[in-house]
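Trainee: model the following, please.
(one chain, ligands or ions: 1)
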Amino acid sequence: MFAAWVFCGTIRTVGIALEVFGDALPVAERYAEFLAGAGVERGLIGPREADRLWERHLINCAVVAEAVPQGANVVDIGSGAGLPGIVLAIVRPDLTITLLEPLLRRTRFLDEAVEMLKLPNVEVRRARAEEVAKEFAVDVATARAVAPLERLAKWALPLLRPGGELLALKGERAAGELDEARPVLERFGVRTAELRQVGRGKVDPPTTLVRVVAGRVERPPRRAKGSRKRSS
Ligand SMILES: C[S@@+](CC[C@H](N)C(=O)[O-])C[C@H]1O[C@@H](n2cnc3c(N)ncnc32)[C@H](O)[C@@H]1O
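Mentor: The predicted structure is shown next:
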């Protein structure tokens with residue numbers, strides 16, 4: 001509990017961290033310490049982020065749990081230093097999570113973090129999302145700061161089972177990205193695509209998610225050779 005004061009900064013943040021992480025707060029604190037130390041030294045987290053790890057990263061990612069169904073299989077695309085995947089694993093031990101990350105330096109960091117935090121529900125996989133579509137049919141794919149939605153959807157939708165959900169953490173441009181991605185989402189036959197806010201009263205502003213529910217199409221039909229992209 002004392003360590004939370006060191007890392008959280010303000011009394012309000014300490015209270016929210018307690019509310020969000022509950023009994024898992026000591027594990028979240030060890031992770032915050034690892035991010036602020038090895039994470040910054042090895043360039044996975046910017047040095048200026050160390051002072052705002054809780055508000056901008058840990059709590060911001062933990063509230064995504066509000067949108068994840070109980071017992072879900074989750075793949076976190078482009079996990080980087082483990083955001084949001086490791087945070088979700090800490091706060092939701094009922095989930096089974098694969099951290100998907102192509103860069104060796106980052107997967108090494110993730111392996112160390114998973115071992116140090118003793119997270120039995122997490123596996124680290126070194127690969128690009130678009131290379132492993134045949135190996136996954138998960139309930140939920142998460143992604144933060146990985147690619148514009150249009151591209152992310154092409155990587156994420158083939159990893160989902162029909163009815164599975166992509167939860168993409170997006171900022172102010174969420175609505176614009178969703179509009180731009182609509183043609184791609186339609187080609188994949190998605191059931192719904194909408195914005196959802198989580199973490200009201202816990203993070204300011206609340207975390208914006210683009211939530212896309214997959215249909216049955218794993219890959220959109222290829223355009224016929226020589227056919228042109230229709231201009232709208
Ligand atoms: C800006 S970082 C974000 C990391 C983390 N999600 C976060 O929010 O701090 C983007 C990450 O996506 C990974 N990435 C890039 N292309 C990818 C792909 N095709 N499949 C999976 N991960 C990818 C990068 O290696 C990098 O770790």
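Trainee: which residues of this protein lie near the ligand?
Mentor: Neighbours of the ligand within the chain, by C-beta under 6 Å from any ligand atom: 77-81, 83, 100-103, 106, 128-130, 144-146, 155. The way it works is simple: take the backbone N, C-alpha and C, and place the C-beta from them, glycine included.
Trainee: kindly write the ChimeraX command that selects the buried subset of these.
Mentor: To isolate the buried ones among the residues of the chain next to the ligand in ChimeraX, judged by 16 or more other C-beta atoms under 10 Å, type:
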select :77,78,79,80,81,83,100,101,106,129,144,146,155
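Trainee: from the residues of the chain next to the ligand, which ones fall inside strands?
Mentor: 77, 100, 144 (DSSP state E).
Trainee: let's have those in TSV, adding distance to residue 181 and pLDDT.
Mentor: TSV is the format used below for these (distance: C-beta to C-beta, whole Å; pLDDT from 0 to 100):
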residue	distance to residue 181	pLDDT
77	15	98
100	20	98
144	16	98
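Trainee: now, which of the residues you listed sits nearest the ligand?
Mentor: Using C-beta to the nearest ligand atom, residue 144 comes nearest to the ligand of these, at 3.6 Å.
Trainee: how about the closest one, what does it touch?
Mentor: 61, 78, 83-84, 168-169 (C-beta atoms under 8 Å, 6 or more residues apart in numbering).
Trainee: of those, closest to residue 50?
Mentor: residue 83 (14.1 Å; C-beta to C-beta).
Trainee: looking at strand pairing, list the partners for residue 192.
Mentor: residue 213 (DSSP bridges).
Trainee: thought it was touching residue 215?
Mentor: No - counting by C-beta atoms under 8 Å, residue 192 does not reach residue 215; the two are 9.5 Å apart.
Trainee: more neighbours: the two, which one.
Mentor: The neighbour comparison of residue 192 against residue 215 (other C-beta atoms under 10 Å) goes to residue 215, with 17 against 11.
Trainee: gap between the more buried one and residue 186?
Mentor: 10 Å (C-beta to C-beta, to the nearest Å).
Trainee: can you check residue 118 too?
Mentor: In terms of C-beta to C-beta, residue 118 sits 43 Å off from residue 186.
Trainee: need the strands for this protein, in chain order.
Mentor: Going by DSSP E, the chain shows strands at 73-77, 96-100, 122-125, 138-144, 160-170, 192-198, 207-213.
Trainee: tell me who's in contact with residue 112.
Mentor: 34, 38.
Trainee: just the pLDDT at it, thanks.
Mentor: Per-residue confidence at residue 112 stands at 98 (pLDDT).
Trainee: likewise residue 12?
Mentor: Predicted confidence (pLDDT) at residue 12: the value is 78.
Trainee: quick check: it vs residue 123, distance?
Mentor: In terms of C-beta to C-beta, residue 12 sits 35 Å off from residue 123.
Trainee: which of the ones in strands among the residues of the chain next to the ligand lies closest to residue 21?
Mentor: Using C-beta to C-beta, these come closest to residue 21 at residue 144, 18.2 Å.
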